[in-house]
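Asker: I need the structure of the sequence given here:
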Amino acid sequence: MPPKKGKTILGKTIKKVPIDYCFVDYRNRHFFYLVFEINCFALNSFAFQHVPEWMPNFLIQFCESSNFVSQNIYSVCIDLNLLGNAFMQIKWKNYLRGFVALALVVTARAQDQKWVERTLANMTLEEKVGQLFVADLVAIYSHKQSPIYRYAEEMVRRYHVGAFILGGGTLSDIALITNALQREAKIPLLINSDLESGLTYYTPWWWARGRMPELPRFISGGGTGFPSMMAFGATGDPKLAYEFGRAMAREARAVGIHWTNSPVADVNNNPNNSIINTRSFGEDPAQVAKFVAACVRGLQDGGVIATLKHFPGHGDTEEDTHMKLPILPFDEKRLNAIEFVSFKAGIAAGTKAVMTAHLALPKIDSTKRPATLSNAVITGLLRNKLRFQGLVVTDGMPMQGITDHYGADEAAILAIEAGVDAILVPAEFVKACDGVFAAVQSGRISRQRLDESVRRILAVKSWLGLDRSRLVEVEKISELVAAPETEALADKISDASVTLLRNQNRLLPLPATTRLKIVAVSEEPYPEFGRELLRQLESQLATVSLTHLSNESSREFIQRMAQFDDADVILLGVYLSIGAWKGKPAFSPAVQDFFAQVGALSKPVITIAFGDPYVIGKLPATAVIMTPYNGAKIGERAIAKAILGTIDITGKLPVTIPGKYKIGDGLKLLMKK
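Answerer: Numbering: from 1, shown residues only. Model (predicted):
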């Protein structure tokens, strides 16, 4: 039996630890709930420290979990399936040892809170203000006297920034440069990055004639690239999102990244959304919520801060907030029914951070301020209604949803007044920093309000263990990043996402005698589109050729390319993607005419939507229609396998394609025997 309720195990340090336990059946899993009420502490954050070697593995795993955080009551849920029923296998004589070990961890984490308070008490006003800012960092080799390196040093030494966000870099340089900056910093730095699809900081190399033939044809020179969030949604398996989170966290921490601006929690229920699109898990709030929660747990179990974005929800917009301020007519009832479902799930999963969106909700805030600057949205909804007390960070402040309406200083001040903790790359850094400093000095922003945000920032640094160890071992990067098992996981996810919407006359899988012509069509010319697909297919089919078309191609060139006498089957690879400051993706009239010509051919045509799946609704209905939801090499590899029949095709649409297909559509095609 477990110890009796009220067993005292820490004497003076923790006077009494009542333990309640019960079994419940939840989605066919057994969970064991332990509720700890710590009477002598009111802790805001914990960070896992070293524990005795004899501490049971299941306790180590659960103590590393980000869910071991609350205020005065700590509710810890141990999934017995995940831990291999380890808890139930422990004999009674080990219970006391286990709980003593657990209490030691509680004590260690209480000491972390002491670090937070001690550090806060010793900071100057300038240092406190600096902690609220996230500066840009390009982590590519630069001499220490170069402008880019001296800029980064100035951000640390003069402005005392709390964090950097990576705007580019290579893996080894990220580790080397962030190590150097960590040594310069009085208070450890948070290193942030957009890792929606993995550690995709590439230094690509291609084999060229004259090199040894044994060398590989391509080396990415980066971390593991994963498919888009929408591809995860197409698999229908949230466990894959958890595995992705753990794997990505391992790679990120290996190079010194602690904080990712993901997962995207937006519900993409607007097919005309020009900026979220495949970055979302899908259009069904409940389904998106499952994937968001799983991804958060995976990331934070791996020791990386997860960030839900873009609060209060960017999925039902048609404007890109990089370019303008969307105004949405939603009230709280609507937000609770759709947008907030996934945010609530991520918060319940223990997310450490939430990113705001630069969009206005007049029915919530009649001033029509962007949510980022709105007290009604950030404090009223996120803090008070959704009860999120973690770190709130703005989206990029140079975006026109902010800069078209506010100066850098006023925008930063309003964001902090609204309840934000961290300002992400203000449009004019010095102006914003000086503005916040002056606002604190004048009393517009109170010292107490400033301390609230600084305390949250220090708390996540302690949770990450940066107060004890802030440097990474560069020599270990090659042992942890882009490992074969992680690459295999990425391929597994991509393969499972492939969605087959049409297979007329059972064209797939293609026989080995097929003469195939691939036409890669994109908005902007990019010669690498289709090359991985060509490489995977050319040794398996009779002949395979590749042609590129783009919006920049002349009408005459496009007409010449519309000759297919030397092919039995045409593969139309449509690479339409979203991007910041890009606007709505679209093809030129000449390219659209080409699509119509291809659709009218008597020969069979395979259409692949590499990237935006909604483009399928604007293309002719060809013999085969498929999508892997991304146009990277990993997506091309998955499509090659599907065409050859070497994988089971099981993906289901996580969104609706208006006029063509509904959510959940997808044909099942098993691999050929």
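Asker: so what's the gap between the host helix or strand of V288 and the chain middle?
Answerer: For V288, the enclosing helix or strand under DSSP states H and E is helix 285-301. Distance of helix 285-301 from its chain centroid, counting by C-alpha atoms, centre = their mean, to the nearest Å, is 10 Å.
Asker: helices or strands up against the next helix or strand after it?
Answerer: Counting by DSSP H and E, the next helix or strand C-terminal to helix 285-301 is strand 307-311. Here strand 307-311 touches helix 339-348, strand 353-356, going by 3 or more C-beta pairs under 8 Å, 6 or more residues apart in numbering; DSSP states H and E. From N, CA and C alone the C-beta is placed, and that goes for glycine too.
Asker: contacts for strand 307-311, please.
Answerer: Residues outside strand 307-311 that contact it (C-beta atoms under 8 Å, 6 or more residues apart in numbering): 259-266, 292, 296, 321, 342-343, 346-347, 351-357, 359, 371, 377, 382, 393, 395.
Asker: that one vs helix 285-301, what angle?
Answerer: Per axes from the mean of the first three to the mean of the last three C-alpha atoms, to 10 degrees, the angle that strand 307-311 makes with helix 285-301 is 140 degrees.
Asker: what is the mean pLDDT for the helix or strand following strand 307-311?
Answerer: For strand 307-311, the succeeding helix or strand toward the C-terminus, using DSSP H and E, is helix 332-337. In this model, helix 332-337 has an average pLDDT of 97.
Asker: tell me, how many residues neighbour S142?
Answerer: A total of 16 residues lie near S142 under the criterion other C-beta atoms under 10 Å.
Asker: how about it, phi and psi?
Answerer: phi -150, psi 140 (degrees, to the nearest 10).
Asker: try Y575
Answerer: phi -100, psi 80.
Asker: roughly how far does the residue nearest the centre of the chain sit from Q441?
Answerer: The chain has S262 as the residue nearest its centroid, 2.6 Å off, counting by C-alpha atoms, centre = their mean. With distances taken as C-beta to C-beta, to the nearest Å, S262 is found 36 Å from Q441.
Asker: circling back: now the helix holding V288: buried residues?
Answerer: 285, 287-301 (16 or more other C-beta atoms under 10 Å).
Asker: output the contacting helices and strands for it.
Answerer: Helix 285-301 sits against helix 229-235, helix 238-255, helix 339-348, with contacts defined as 3+ C-beta pairs under 8 Å, 6+ apart.
Asker: ok so, going back, a markdown table for the helices and strands packed on strand 307-311, including mean neighbour count?
Answerer: As requested, the helices and strands packed on strand 307-311 are arranged in a markdown table below (neighbours: other C-beta atoms under 10 Å):
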| stretch | mean neighbour count |
| --- | --- |
| helix 339-348 | 24 |
| strand 353-356 | 26 |
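Asker: which of the ones you listed sits closest to V544?
Answerer: helix 339-348 (41.2 Å; C-beta to C-beta).
Asker: I616 reaches F610, doesn't it?
Answerer: No: here I616 does not reach F610: they are 11.3 Å apart, not a contact under C-beta atoms under 8 Å.
Asker: which residues do the two both contact?
Answerer: Both I616 and F610 are contacted by T627, under the criterion C-beta under 8 Å, 6+ apart.
Asker: contacting residues for E552?
Answerer: Contacts of E552 (C-beta under 8 Å, 6+ apart): 524-525.
Asker: where does the prediction get shaky in the stretch 451-600 of the chain?
Answerer: 578-585 (pLDDT under 70).
Asker: so which of the helices and strands packed on helix 285-301 gets nearest N503?
Answerer: Taking these one by one with C-beta to C-beta, helix 229-235 is closest: 16.6 Å.
Asker: in that closest one, what counts as buried?
Answerer: Buried, per 16+ other C-beta under 10 Å, within helix 229-235: 229-235.
Asker: kindly report the same for stretch 217-233.
Answerer: 220, 222-233.
Asker: check stretch 310-330 too.
Answerer: Those would be 310-317, 319-323, 325-326, 328, 330, for stretch 310-330 by 16+ other C-beta under 10 Å.
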